[in-house]
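**Q** Predicted model follows, preceded by the sequence.
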Amino acid sequence: MSSVKEPVERRLQGEAVSALDVARIRADFPILDQQVYGKPLVYLDNAATTQKPRAVIDAVTRYYEHDNSNVHRGVHALSQRATEEYEGVREKVRAFLNARSVRELVFVRGATEAINLVAATFGRMRIREGEEILLTEMEHHSNIVPWQLLAEQTGAVLKVVPITDSGELVMEEFERLLGPRTRLVAVAHLSNALGTINPARRIIGLAHAQGVPVLLDGAQAAPHIRVDVQELDCDFYAFSGHKLYGPTGIGILYGKEKWLEDMPPYQGGGEMIRQVSFKRSTYGDIPAKFEAGTPNIAGAIGLGAAIDYIQAIGLDAIAAHEHAVLEYALAAAEEVPGMRVVGCARAKASILSFVLEGIHPHDIGTILDRQGLAVRAGHHCAMPVMEHYGLPATARASFAVYNTREEVDALMAGIRKVREVFGQ
Amino acid sequence: MSDLRDLYQEVIFDHNRNPRNCYCMKGANRTAEGFNPLCGDRLTLYLKVEDGRIAEASFQGSGCAISTASASLMTEALKGKSLEEAERLFQAFHGRITRDTGAAAPVDLGKLEVLSGVSEFPTRVKCATLAWHTLNAALEDKDEPATTE
């Protein structure tokens, strides 16, 4: 009996990993069922923001219709419900990232605010004139500019690890630049412009060997690869809810307890204090210390619903599906004359950045748009990456759990149409 | 796709493939830099102004078909124009592309009409107007000693 049953089970498991029921998943996203300029919408701008499943939209609506109240304050029933739901999300995020404790998770507006928070508190306190922050050439502006602002204020120095033409970090240079004056390494877990998955474990291992803490910008990674902050052993991890099928305006900063305890508050106000008098105020415990003011409660609840949604599918299954779609797209791209993919790292996820010979990415974007294909054209908030390749911009298709090979076919047909319009 | 043809007219492709007056001008007495930080398009505009008239206009830069064609067509249109005429042309062109009809008396846009399809593509208006804003900056440069005639 069992010898018959076993292979069937294995096959089913294999199918679960390699082929999600994408049609069913797509039905969860109301926005996908529409036409743009008379063509079915093909949404391939997921690195900018993902669409929201019904479960997230409903969670936000339900909160406003039934539980809306301020958190951590009221003695009444609504406030208790709102507080329980809101704090319940912190536990969901803890499980999602495998953090040790909910105390290590700070609600912020998004990855950008998370990084600014670390720069303004940890950075201001610990990084002095002449000391160094190690970044990479492939960072998003949100992991460059906060450090530049800090450097302007403190005289700290930014060092930049270069990338190869295939879009990978030059690790020898990383090791060389990681020096006695390095106080922090801040690096993208997954590049938004190239799709490169950086060797986070190795980076963290090397940095920790020198006693240097590491911040991972996980804005792109969190929706696409499983993140385990204990296994990574990163010191900080930042991500945004809206790239993870959740609402805009909500995100997470994970920080190791020892750092968060040590850091001064970020903003002052209600919620983050223990006692206030005009002589002096004392601050609350972590993470409240970093959460001044009424938070984005509905956003947090939406994020909780998004995490539930992802967990029900499984990030490994999502990653396998997206990988299959990306591989299919990379192979298809080779068949399109004049099309060149930018960024071909060995470890890569969800991003197809490309250029067409003789056609500017903006023109590509407009012509694809009129065919219902939503892609991004521009520098993707990563101007140093564009400079590396000597390009003003690229066009970028980025994939999510609901994208299909048929949509890749539509993209490639659209790109051929672009060439046709340009008489190529 | 017909609306795409309104945007991408043959003249635009022609000027994109073979931009006119695309060179760094030695002896220019008005120059200005244009930059669209949203998309990274850049251009430098060179003018040689003699006796209040634009004797020569050229540009260099990188951009999409719309911004390149717009710069190319603009430099052609500017040649021989007085500074006042150039300013009026800027206003007229800008009004046409942004559909702001509240501008002054209508000005014949001539060949520049091929760019009017841009008004149907709001996300591309900045591409078409980059060269023109750069022109405006160059024209307003009047008091700078380096550019007085």
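**A** Structure's in. What do you need?
**Q** In the stretch 151-300 of chain A, what residue comes closest to chain B?
**A** When scored by C-beta to the nearest C-beta, the stretch 151-300 of chain A has residue A:193 as its residue closest to chain B, at 12.3 Å. Where C-beta positions appear, they are placed from N, C-alpha and C, glycine not excepted.
**Q** Please list all residues in contact with that residue.
**A** Contacts for residue A:193 (C-beta atoms under 8 Å, 6 or more residues apart in numbering or on different chains) come out as A:138, A:140, A:342-343, A:351, A:353, A:379-380, A:382, A:385-386, A:394, A:396.
**Q** With neighbour count and secondary structure as new columns, can those be given to me in TSV?
**A** As requested, the contacts of residue A:193 are exported to TSV (neighbours: other C-beta atoms under 10 Å in any protein chain shown; DSSP: H, G, I helix; E, B strand; the rest coil):
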residue	neighbour count	secondary structure
A:138	28	coil
A:140	22	coil
A:342	23	strand
A:343	24	coil
A:351	29	strand
A:353	30	strand
A:379	22	coil
A:380	23	coil
A:382	25	coil
A:385	27	helix
A:386	19	helix
A:394	28	strand
A:396	27	strand
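**Q** so what does whichever strand or helix holds residue A:185 touch, helix or strand wise?
**A** Taking DSSP states H and E as the definition, residue A:185 sits inside strand A:182-188. The contact analysis (3 or more C-beta pairs under 8 Å, 6 or more residues apart in numbering or on different chains; DSSP states H and E) places strand A:182-188 against strand A:132-136, helix A:200-209, strand A:214-217.
**Q** So what's the gap between that strand and the chain middle?
**A** Put simply, strand A:182-188 sits 17 Å off its chain's centre (C-alpha atoms, centre = their mean, to the nearest Å).
**Q** ok so, going back, could you say which of the helices and strands packed on strand A:182-188 is packed most deeply?
**A** strand A:214-217 (a mean of 26; mean count of other C-beta atoms under 10 Å in any protein chain shown).
**Q** what mean pLDDT does that one have?
**A** Strand A:214-217 comes out with an average pLDDT of 98.
**Q** Whether stretch A:360-379 contacts chain B - can you check?
**A** Yes - using C-beta under 8 Å from any C-beta of the partner chain, stretch A:360-379 reaches chain B at A:360, A:361, A:362, A:363, A:366, A:367, A:370, A:377, A:378, A:379.
**Q** First-to-last residue distance for that stretch?
**A** 12 Å (C-alpha to C-alpha, to the nearest Å).
**Q** cool, stretch A:226-239 as well?
**A** Start-to-end, stretch A:226-239 (C-alpha to C-alpha) is 13 Å.
**Q** How far away from the center of its chain is it?
**A** 12 Å.
**Q** Likewise for stretch A:128-143?
**A** For stretch A:128-143, the distance to the chain centre is 18 Å (C-alpha atoms, centre = their mean).
**Q** same check, this time on stretch A:295-312
**A** 15 Å.
**Q** Quick one: low-confidence residue ranges for the chain.
**A** In the absence of a named chain, this looks at chain A. A:1-19 (pLDDT under 70).
**Q** think we crossed wires, I meant chain B
**A** For chain B (pLDDT under 70), the answer is B:1-2, B:101-105, B:141-149.
**Q** got the residues of it near chain A?
**A** B:1, B:3-4, B:7-8, B:13, B:38-42, B:62-66, B:68, B:121, B:123-124, B:127.
**Q** again, only this time at 6 Å
**A** Counting by C-beta under 6 Å from any C-beta of the partner chain, the residues of chain B lying close to chain A are B:4, B:8, B:39, B:40, B:62, B:64, B:65.
**Q** what's the closest of the residues you listed to chain A?
**A** For those, the nearest to chain A is residue B:64 (3.6 Å; C-beta to the nearest C-beta).
**Q** Excluding chain neighbours, what is closest to the most centrally placed residue in chain A?
**A** With distances taken as C-alpha atoms, centre = their mean, residue A:219 lies nearest the centre of chain A, 1.8 Å away. In this structure, residue A:219 finds its nearest non-sequential neighbour in residue A:111, 3.8 Å apart by C-beta to C-beta, 6 or more residues apart in numbering or on different chains.
**Q** List the residues that contact that neighbour.
**A** Contact analysis of residue A:111 by C-beta atoms under 6 Å, 6 or more residues apart in numbering or on different chains lists A:219, A:238, A:239, A:240, A:251.
**Q** Out of those, which sit inside strands?
**A** A:238, A:239, A:240, A:251 (DSSP state E).
**Q** can you give me the helices in chain B?
**A** Counting by DSSP state H, chain B has these helices, from start to end: B:2-7, B:10-17, B:65-78, B:83-97, B:125-139.
**Q** could I get the first one in CSV with only the CA atoms?
**A** What follows is helix B:2-7 as a C-alpha-only set of coordinates in CSV (Å, rounded to 0.1, in the frame of the first residue of the first chain):
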residue,chain,number,x,y,z
SER,B,2,-3.7,54.6,-33.1
ASP,B,3,-3.1,56.9,-30.1
LEU,B,4,0.5,55.7,-29.9
ARG,B,5,0.9,56.8,-33.5
ASP,B,6,-0.4,60.3,-32.3
LEU,B,7,2.5,60.4,-29.9
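**Q** Which residues does that helix contact?
**A** Against helix B:2-7 from outside (C-beta under 6 Å, 6+ apart): A:370, B:117, B:121.
**Q** same thing but at 10 Å, please
**A** Counting contacts by C-beta atoms under 10 Å, 6 or more residues apart in numbering or on different chains, the residues outside helix B:2-7 that touch it are A:37, A:363, A:366-367, A:369-371, A:417-418, A:421, B:65-66, B:114-121, B:124, B:128.
**Q** in it, what counts as buried?
**A** For helix B:2-7, the neighbour count (16 or more other C-beta atoms under 10 Å in any protein chain shown) marks B:4, B:7 as buried.
**Q** So which bits of chain A are right by chain B?
**A** A:37, A:358-367, A:369-371, A:377-379, A:383, A:386-387, A:391-393, A:417-418, A:420-423 (C-beta under 10 Å from any C-beta of the partner chain).
**Q** try 7 Å this time
**A** A:360, A:362-363, A:366-367, A:370, A:378-379, A:383, A:386, A:392-393, A:421-423 (C-beta under 7 Å from any C-beta of the partner chain).
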